[in-house]
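Q: Sharing a model that was predicted from the sequence below.
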Amino acid sequence: MKDIDVLVVWPIRPDQMAVLEQTYRVHRYDLASDVEKAHMIDSVGEQIRAVVTTHGGGFEKSLLDRLPNLEIVGCASVGFDTLCVSDCQARGIPVTHTPDVLTDDVADMAMMLLLATLRRMLPAVDWIKQGHWVEQGMMPLNTSLKGKTLGIVGLGRIGQAIASRAEAFGMNISYYSRAKKTDVSYKHYDDLMTLAKDVDVLAPVIPGGSATQGLISREVLTALGPDSYFVNVSRGSVVDETALVELLAQGAIKGAGLDVFVDEPNVPDALLSMDNVVLQPHCASGTFETRAAMAQLVLDNLAAHFGNKPLLTPIQ
Ligand code: 8YV
């Protein structure tokens, strides 16, 4: 398959990149300058049969239009809101993603944010480092997870993995989704505002994109109340980030644990100085094991396509 041209818009893990380069004729669009990118597409665009990318690299229609013989897009992320999936599918070009292999790590991140935020882990570290323990004694009390209600917005694979974990910590689980799930016993809400009013922690676990843009609105956040928390491991776009920052600053929400932001890698300055927020750099799936599994899934989907076998994880 060395005669198959693959355009790398965003690289996968080094081990799998090595296999990709041994197996296909790889063009490193990700490493090229803007001038080099334009030249690359002019010279080999018509030869490109596959694209490799991820959520961070995306895949825009303007580039798709320059690849007339593209057959498949392999994306190393479960979310695909930065890819022109419908345009690809309209041309009969499947797009594959990486569900399931990252579910546990993302759910772990949600629990880490929950624990660190409610138990104020980072201020506790400072309590020691700043000498407060010596000078002032025990740090102020924080909040237990046990007995609190976690409201999950969107109970898909990752949402259910978070729910299972949170239950093990003694939390009650409620969820909002359009349709009630028949395979869970958690309390279902068909109204987001009511869920927000009833829970102690609100956690959106939904895809990004236009359908969920700003779904967690200022009104929903306000309905949470001053003794509640917000945890986000989905996409920054699903929440009114400006409202979130203001409400956190005002104490209208008690705290937040955030792994995703609207304008990554730029995080609102106001959040950087708050001691009631825990910030992570969109790294929920960022473990050696999971990123390797995601990368391998990209390779396996390409191999299936060019081997005329069914794709493993095509976006439907
Ligand atoms: C990205 C993610 O893959 O899978 C997703 O949808 O958001 C992450 O796992 C990671 O940020 C690399 O872009």
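A: Good, I have the coordinates. Numbering: from 1, shown residues only.

Q: Can you identify each of the helices in the stretch 201-316 of the chain by residue range?
A: Using DSSP state H, counting those that start in this stretch, the helices of the stretch 201-316 of the chain run over residues 218-224, 241-250, 269-272, 288-306.

Q: buried stuff in the first one?
A: For helix 218-224, burial by neighbour count (16 or more other CB atoms under 10 Å) applies to 218, 220-224. Quick note: C-beta positions are derived from backbone N, CA and C, even for glycine.

Q: re earlier: and of the helices of the stretch 201-316 of the chain, who's closest to residue 59?
A: Residue 59 lies closest to helix 288-306 among the helices of the stretch 201-316 of the chain, at 12.8 Å (CB to CB).

Q: what's in contact with the closest one?
A: Contacts of helix 288-306 with the rest of the structure, by CB atoms under 8 Å, 6 or more residues apart in numbering, involve 1, 4, 6, 12-13, 15-17, 19-20, 23-24, 49-50, 52, 54, 71-72, 74-77, 94, 96, 98, 101-102, 104-105, 285, 309-314.

Q: ok so, going back, show me which of the buried residues of helix 218-224 is closest to residue 165.
A: Among those, residue 224 lies closest to residue 165 (CB to CB), at 21.0 Å.

Q: Was I right to think that closest one contacts residue 230?
A: Yes. Counting by CB atoms under 8 Å, residue 230 is a contact partner of residue 224 at 6.7 Å.

Q: what touches both of the two?
A: Any residue near both residue 224 and residue 230 by CB under 8 Å, 6+ apart counts here, and that gives 202, 253.

Q: Now do the SS call for residue 175.
A: Put simply, residue 175 is strand when judged by DSSP: H, G, I helix; E, B strand; the rest coil.

Q: Contacts only, for it.
A: Contacts for residue 175 (CB under 8 Å, 6+ apart) come out as 151-155, 159, 163, 181, 184, 186-189, 195.

Q: Just the pLDDT for the residue lying closest to residue 77 once chain neighbours are set aside.
A: Of all residues not flanking residue 77 in the chain, residue 55 sits nearest, at 3.6 Å (CB to CB, 6 or more residues apart in numbering). On pLDDT, residue 55 comes in at 95.

Q: got the contact list for residue 55?
A: By CB under 8 Å, 6+ apart, the residues touching residue 55 are 75, 77, 79-83.

Q: Which helix or strand contains residue 49?
A: Using DSSP states H and E, residue 49 sits within strand 48-53.

Q: helices or strands next to that strand in the packing?
A: strand 5-8, strand 72-75, helix 288-306 (3 or more CB pairs under 8 Å, 6 or more residues apart in numbering; DSSP states H and E).

Q: any idea how far residue 201 is from the closest residue to residue 215 other than its chain neighbours?
A: Of all residues beyond its chain neighbours, the one nearest residue 215 is residue 238 (5.2 Å), with distances taken as CB to CB, 6+ apart. Using CB to CB, to the nearest Å, we find residue 238 at a distance of 16 Å from residue 201.

Q: do residue 117 as well
A: With CB to CB as the criterion, residue 117 and residue 201 are 8 Å apart.

Q: Neighbour count for those two, which is higher?
A: Shown here are residue 117 and residue 201; by other CB atoms under 10 Å, residue 201 has more neighbours (27 against 24).

Q: Where does residue 145 sit: helix, strand or coil?
A: Counting by three-state DSSP, the backbone at residue 145 sits in coil.

Q: wait, it sits on residue 118?
A: Yes. Applying CB under 8 Å as the test, residue 145 and residue 118 come out as touching, 5.9 Å apart.

Q: which of those two has more neighbours?
A: Between residue 145 and residue 118, counting by other CB under 10 Å, residue 118 is the more crowded of the two (22 against 18).

Q: residues in contact with the more buried one?
A: By CB under 8 Å, 6+ apart, the contact set of residue 118 is 142-145, 148, 201, 229, 255.

Q: Spell out which residues of the stretch 201-316 of the chain are next to the ligand.
A: Remark: the part of the stretch 201-316 of the chain in contact with the ligand comprises 282, 285, using CB under 6 Å from any ligand atom.

Q: Repeat the analysis, applying 8 Å as the threshold.
A: Residues of the stretch 201-316 of the chain found near the ligand (CB under 8 Å from any ligand atom) are 235, 260, 282-286, 290-291, 294.

Q: Nothing else from me, thank you.
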